[in-house]
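Visitor: Here you go, sequence then predicted model.
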Amino acid sequence: MLAGVLSGCGAPAAPSRAPLFRFLQINDTHVDADAGKDGYEKADEKARWLIEAAASGEHFPKPDFVVGIGDLINGERLDALAPDLRLLRDMLKPLRVPFYPVVGNHEVIQQEGSPKHEQAFREAFGNDRVNYTFTHGGILFIALNNAGACCVGPAVVKARNDWLRRTLDGARGVPKIILCHIPLVPLREEAVLAKSFGFRSYIDHDGATLRIVEEHADSVIAVLSGHLHLTGVVERKGIYHISIAGTASYPCDYALYSVFPDRIEAAVRQLPRELVTPGTNIHGRPRYIGDFTDGAHKTPWDYVAGNPPERDFTIRLPKEPRSRKP
Ligand SMILES: [Zn+2]
């Protein structure tokens with residue numbers, strides 16, 4: 001437990017070299033049982049590589065668990081959800097560590113809160129894997145379904161926010177990381193991002209979700225997301241909002257987080273060269289006739305992959321569970 005490690009007293013310890021634990025973020029893998037039709041180039045091959053890499057520890061240190069932050073499958077049609085999820089479950093078999101899935105818009109075809117659309121996800125991962133929490137090393141991880149983003153009714157959004165508020169209120173002072181597929185803040189200049197992403201859901205437009213999170217800024221370390229198919233980090237009110245491009249489209253990223261008593265080191269990496277597919281870039285050519293940049297991202301690469309400090313960064317942890325010493 002993080003709390004246990006922090007309970008030692010005496011002279012300040014030297015910075016620790018071995019992390020307390022590591023976890024891997026995968027998202028936007030868009031696994032597609034019907035591959036070859038409209039899916040992303042090599043999507044299944046990429047997802048398989050990443051899961052097998054996590055299982056073997058051959059390409060990066062083995063994580064203690066994996067979070068799958070949405071759009072793990074391509075889905076698109078109600079009758080495609082179950083076959084895509086079956087294929088994903090099959091791919092996950094080599095993994096010997098816990099896998100925590102988060103609902104993305106592709107898992108439910110944007111229909112957040114619809115039992116009919118959530119059925120295949122619940123059958124694949126369990127009935128308790130839509131809005132849920134788990135604890136690791138003294139950190140509370142909160143998996144939130146905000147897959148509806150801009151396009152669901154007020155009752156659904158209220159149910160989401162009520163659950164989130166209850167969950168946060170029930171764990172005051174506990175360091176938290178929120179996992180939700182759709183980012184709560186814009187990860188690029190908003191007008192540019194709206195254009196390059198091309199869908200209204202470039203951000204969770206329900207400001208209440210963000211407000212509730214920020215009311216707990218003293219204990220929320222980070223919000224981890226995906227959905228945008230670009231990699232970016234924005235710090236706002238002391239909370240790190242991190243969105244990882246995911247593997248289906250260029251730059252084909254995943255992220256490994258190493259948690260130490262006083263910090264989290266994040267490393268965003270591309271898949272191996274043979275699985276990097278420039279033609280799948282959704283923020284530039286060939287989807288558009290040109291590429292995109294914004295004030296802080298001066299080249300097309302920086303725009304889609306993030307500046308170097310968005311790919312390797314350290315989150316300091318004043319939000320340590322000091323009050324939870326054993
Ligand atoms: Zn998405």
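Guide: That came through, no problem. Residues are numbered from 1 along each chain as shown.

Visitor: what's the neighbour count on the nearest residue to residue 167 once chain neighbours are set aside?
Guide: Once flanking residues are discounted, residue 167 sits nearest to residue 142: 5.8 Å by CB to CB, 6 or more residues apart in numbering. Bear in mind the C-beta positions are built from the backbone N, C-alpha and C, glycine included. By other CB atoms under 10 Å, the residues close to residue 142 number 22.

Visitor: For residue 142, grab phi and psi.
Guide: Here is the backbone geometry of residue 142 (degrees, to the nearest 10): phi -120, psi 110.

Visitor: Would you quantify the distance from the closest residue to residue 180 other than its chain neighbours to the ion?
Guide: Distance criterion CB to CB, 6+ apart; nearest residue to residue 180, sequence neighbours excluded, is residue 144 at 4.2 Å. Separation of residue 144 from the ion (CB to the ion, to the nearest Å): 14 Å.

Visitor: Need the pLDDT of residue 144.
Guide: On the pLDDT scale, residue 144 is placed at 97.

Visitor: I'd assumed residue 130 was in contact with it.
Guide: No. Using CB atoms under 8 Å, residue 144 makes no contact with residue 130, being 9.3 Å away.

Visitor: so whichever residue of the stretch 201-326 of the chain sits closest to the ion, which of the three states?
Guide: Closest to the ion within the stretch 201-326 of the chain is residue 227: 3.7 Å, counting by CB to the ion. When classified by DSSP: H, G, I helix; E, B strand; the rest coil, residue 227 comes out as coil.

Visitor: When residue 144 and residue 130 are compared, which one has more neighbours?
Guide: Shown here are residue 144 and residue 130; by other CB under 10 Å, residue 144 has more neighbours (27 against 22).

Visitor: ok, now which ones touch the more buried one?
Guide: Residues near residue 144 by CB atoms under 8 Å, 6 or more residues apart in numbering: 102, 131, 160, 163, 164, 178, 179, 180, 209.

Visitor: How about residue 246?
Guide: With contact taken as CB under 8 Å, 6+ apart, residue 246 is in contact with 26, 27, 28, 29, 30, 71, 226, 229, 252, 253, 254.

Visitor: Weed out the non-buried ones from the residues you listed.
Guide: Using 16 or more other CB atoms under 10 Å as the burial test, these include 26, 27, 28, 29, 30, 71, 226, 229, 252, 253, 254 as buried.

Visitor: Take the residues you listed and keep only those in helices.
Guide: The helices, defined by DSSP state H, take in nothing from the buried ones among the contacts of residue 246.

Visitor: Wait, the residue of the stretch 201-326 of the chain closest to the ion touches residue 180, no?
Guide: No. If you go by CB under 8 Å, residue 227 and residue 180 don't touch, sitting 9.1 Å apart.
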